[in-house]
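> Sharing a model that was predicted from the sequence below.
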Amino acid sequence: MSSIDPEPRRPEDALPEGSLSRASGRSVEPSESKPRAASGRSWPLNTIRYVLPAAVVIGGLVVMALGSENDLEGGAGIVSAGLAIYFLNWLFRLGTAGERERDAEEAARDYFDRHGRWPS
């Protein structure tokens, strides 16, 4: 142990992945340490992300196809609204991905503080 370490390391602090859990005595795999997302997305989420914008765009195209010359502008506005819905959903997903990356970075820094090495 070096004189730089603020506190001595305890053996129970350095449990490698796949080792026995202290509380239950059973093996803990890395995937069990975090809640896993469902393999398939829920249907309401898919509806908001993909079906709603597609329906609005298709509605705008129908208005453009079946209407007069004035309806072309209205249909284009409806298509634009559908595309806006899709891209706002995309921006929201992009923002939440950044939050997950920050959380992972914070967890890695906490691990480094406890164990003195960067997690692999």
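Looks like it came in fine. Numbers count the residues shown, from 1 in each chain.

> what about the helices in the chain?
When secondary structure is read from DSSP state H, the chain shows helices at 43-46, 52-66, 69-115.

> Quick check: which of those helices is buried the most?
Highest mean neighbour count among those (mean count of other C-beta atoms under 10 Å): helix 52-66, with a mean of 15. Backbone N, C-alpha and C define where each C-beta goes, glycine included.

> mind checking which helix or strand of the chain has the lowest mean pLDDT?
helix 43-46 (a mean of 88; mean pLDDT, DSSP states H and E).

> hang on, the earlier thing: tell me, which of the helices of the chain is the model least confident about?
Ranked by mean pLDDT, those bottom out at helix 43-46, with a mean of 88.

> any idea how far Arg102 is from Phe112?
Distance of Arg102 to Phe112, computed by C-beta to C-beta, to the nearest Å: 15 Å.

> err, Leu72, not the other one
According to C-beta to C-beta, Leu72 and Phe112 sit 60 Å apart.

> cool, and Gly60?
Distance from Gly60 to Phe112, by C-beta to C-beta: 52 Å.

> Sounds good, over and out.
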